[in-house]
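S.K.: What follows is a predicted protein model with its sequence.
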Amino acid sequence: MKIKLAESSSDTIREEVRQRYGAAARGEASCADDCCTSTSSDALGYAAEDSAFAPEAANLGLGCGNPLAIASLERGQTVLDLGSGAGFDCFLAARAVGPTGKVIGVDMTPEMLTKARENAKRNGFDNVEFRLGEIEALPVADESVDVIISNCVINLSPQKEHVFREAFRVLRTGGRLAVADIVATASLPEEIKGDWAAYTGCMAGASEIDELEKMLRNAGFNRIKVAPKDASRSFIREWLPGKRIEEYLVSATIEATRPLHS
């Protein structure tokens, strides 16, 4: 019998997430046996040219928005993607930063890394690399990144405070966090909070907005902005049919900056 979610350690929760997304990378995850969060790129805010540019195998539709829409990437920058999956956002970021820039994707799921590295090699993305690691303990040097992006991943972490502290550590002064994620607009029902499928499907682990803002401030960030996207409720409803999950959750963009002076 699987241990109850509320009684699980952080390592147990991460292992459940790793297994779920390993199955997604292998094409084995389905709504019949797990919470399916696959969503079309246009619904998430990507342009048709984005989907056409990135390798088809990189787009698993597992996000909840488009972090690149708020990232304001520039040529020559170094970008870090937290939970990079098969590499879709990394490849779009690589186009934006150009050959003098660099993109690093970090993911804890070996199957996703294999898929991402194959996509990069097959399609000639020389300025993108993928590293195995957890977003709570990033395999990235201090103050080495200009912009951090992430798409519907931080909500999966059982230690979000660690994620934001690590993000602050690896950003250069003036560096920015540009994230699309799921946030809670109301307290989730207990049946959802304790549902493993709802957790690994990016729902049960969502934080409320004021809690997110507090964690970001505590990590040292300023210029914090969390902007809910009410239109996202239309696809969130499909993630857990019949549970009215869209009444409690919404996709949001999350922005924050590492100050120039501490």
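M.R.: Nice, I can see it. Numbering: from 1, shown residues only.
S.K.: Low-confidence regions, the stretch 101-250 of the chain specifically.
M.R.: Applying pLDDT under 70 to the stretch 101-250 of the chain flags no residue at all.
S.K.: All the helices of it, in order from the start?
M.R.: Assigned by DSSP state H, counting those that start in this stretch, the helices in the stretch 101-250 of the chain fall at 110-122, 160-170, 190-193, 196-200, 209-219, 233-236.
S.K.: deepest of these, which one?
M.R.: Ranked by mean neighbour count under mean count of other CB atoms under 10 Å, the helices of the stretch 101-250 of the chain are led by helix 196-200, which reaches a mean of 22. C-beta coordinates here come from the backbone N, C-alpha and C atoms, glycine included.
S.K.: Can you say which of the helices of the stretch 101-250 of the chain is nearest to residue 259?
M.R.: Among the helices of the stretch 101-250 of the chain, helix 160-170 comes nearest to residue 259, with 9.8 Å by CB to CB.
S.K.: got the contact list for that closest one?
M.R.: The contact list for helix 160-170, computed with CB atoms under 8 Å, 6 or more residues apart in numbering, reads 80, 82, 135-138, 140-145, 148, 154, 157, 177, 207, 212, 215-216, 218-221, 258.
S.K.: So which of these are in strands?
M.R.: Of the contacts of helix 160-170, the ones assigned to strands by DSSP state E are 80, 82, 145, 148, 177, 207.
S.K.: Which one of the residues you listed is nearest to residue 14?
M.R.: Among those, residue 82 lies closest to residue 14 (CB to CB), at 13.8 Å.
S.K.: Could I get the ones in strands among the contacts of helix 160-170 in TSV, plus columns for distance to residue 230 and neighbour count?
M.R.: Below are the ones in strands among the contacts of helix 160-170 laid out as TSV (distance: CB to CB, whole Å; neighbours: other CB atoms under 10 Å):
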residue	distance to residue 230	neighbour count
80	29	28
82	25	29
145	31	24
148	25	28
177	22	29
207	18	19
